[in-house]
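In: give me coordinates for this.
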Amino acid sequence: MDENVANTKTNLIAAKATLDLSINGFDLLDKKRNVLIMSMMGFIDKAEEVQNKVTVVFKEAYNALKTANITMGITNVEQISQTVPEVEDFNVLVKSIMGVEIPEIQHKEHQMEHYYSFYHTNTALDVAFKEFQQVKELLFELSEIEDSVYKLAMEVKRTQKRANALQNIQIPKYKGIVKSITEVLEEKDREEFFRLKVVKKKHGNKS
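Out: Predicted coordinates:
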């Protein structure tokens with residue numbers, strides 16, 4: 001028990017209130033942690049699925065690009081690639097899961113536009129262009145998921161730390177304070193009871 005806490009009924013009431021708050025706080029943190037973990041695991045499963053798609057599509061795109069480089073020449077392919085504009089038509093919004101802000105990428109899915117002349121190109125370049133467009137779409141989704149997993153994992157860690165502090169430090173401390181004050185007050189009540197009993201007996205003998 002904290003030596004600075006006096007053994008009074010007021011302090012006992014305050015200690016019980018703090019203990020109840022700590023127990024309720026731990027329960028809430030435990031529920032929050034479970035929700036966060038379930039959400040995080042869902043994102044992890046989704047990330048694995050998207051990553052597998054990225055691997056397959058990127059392999060197909062890279063093979064098509066190799067064919068285009070061989071049949072058209074690397075220099076020509078590089079010159080054509082420089083005509084493709086950078087991706088700018090997207091917004092990063094946020095949504096909340098148990099107070100954790102995770103990203104939500106919104107972007108426009110345009111119909112595929114070719115930025116080169118068909119006269120000086122071949123089918124391999126068309127296939128590569130189409131496949132890399134798919135890779136881009138999947139990377140939007142994957143980056144959103146991976147950032148969400150990271151932020152949820154950090155919050156799980158913080159929540160676990162706070163829950164551990166309540167479970168292993170705060171709750172045992174106030175349980176000890178409540179027990180100690182209760183024992184002291186009960187002992188005082190017993191002493192008072194016996195004192196009154198003795199006084200009553202003395203008064204009874206005098207009469």
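In: which elements pack onto whichever helix in the chain runs longest?
Out: Criterion DSSP state H: the longest helix present in the chain is helix 9-72. Judged by 3 or more C-beta pairs under 8 Å, 6 or more residues apart in numbering; DSSP states H and E, helix 9-72 is in contact with helix 74-81, strand 90-97, helix 123-165, helix 171-206. Using the backbone N, CA and C atoms, a C-beta is placed for each residue, glycine as well.
In: now the angle from the first one to helix 9-72?
Out: Angle, helix 74-81 to helix 9-72, by axes from the mean of the first three to the mean of the last three C-alpha atoms, to 10 degrees: 130 degrees.
In: Glu141 versus the residue nearest the centre of the chain, what's the distance?
Out: Geometric centre of the chain, nearest residue: Leu152, 1.9 Å, by C-alpha atoms, centre = their mean. Note on Leu152: its distance to Glu141, by C-beta to C-beta, to the nearest Å, is 16 Å.
In: do Met154 as well
Out: Relative to Glu141, and taking C-beta to C-beta, Met154 is found at 21 Å.
In: more neighbours: those two, which one.
Out: Glu141 (17 against 12; other C-beta atoms under 10 Å).
In: you'd agree the more buried one is up against Val50?
Out: Yes - contact status for Glu141 versus Val50: in contact at 5.4 Å, counting by C-beta atoms under 8 Å.
In: where does the chain dip in pLDDT?
Out: Along the chain, the model assigns pLDDT under 70 to residues 1-3, 85, 88, 108-121, 199, 201-207.
In: apply 50 and report the result again.
Out: When residues are selected by pLDDT under 50, those of the chain lie in 1.
In: how distant is stretch 13-27 from the center of its chain?
Out: 25 Å (C-alpha atoms, centre = their mean, to the nearest Å).
In: buried set for that stretch?
Out: Residues 14-16, 18-19, 22-23, 25-26 are the ones in stretch 13-27 that count as buried (16 or more other C-beta atoms under 10 Å).
In: thinking again about what came up before, got the angle for the longest helix of the chain vs helix 123-165?
Out: 170 degrees.
In: and Asn4, how many neighbours?
Out: Using other C-beta under 10 Å: Asn4 sits among 5 other residues.
In: check the secondary structure at it for me.
Out: Per DSSP: H, G, I helix; E, B strand; the rest coil, the local secondary structure of Asn4 is coil.
In: for it, which residues are in contact?
Out: Taking C-beta atoms under 8 Å, 6 or more residues apart in numbering, we find Asn4 in contact with no residue.
In: again, but for Glu141
Out: Listed by C-beta under 8 Å, 6+ apart, the contact partners of Glu141 are 50, 105.
In: against Pro103, how distant is it?
Out: Taken as C-beta to C-beta, the span from Glu141 to Pro103 is 11 Å.
In: now Arg195
Out: Distance from Arg195 to Pro103, by C-beta to C-beta: 70 Å.
In: just how off-centre is stretch 148-158 within its chain?
Out: Mean-position distance between stretch 148-158 and its chain equals 3 Å (C-alpha atoms, centre = their mean).
In: before I go, just wanted to say thanks for your time.
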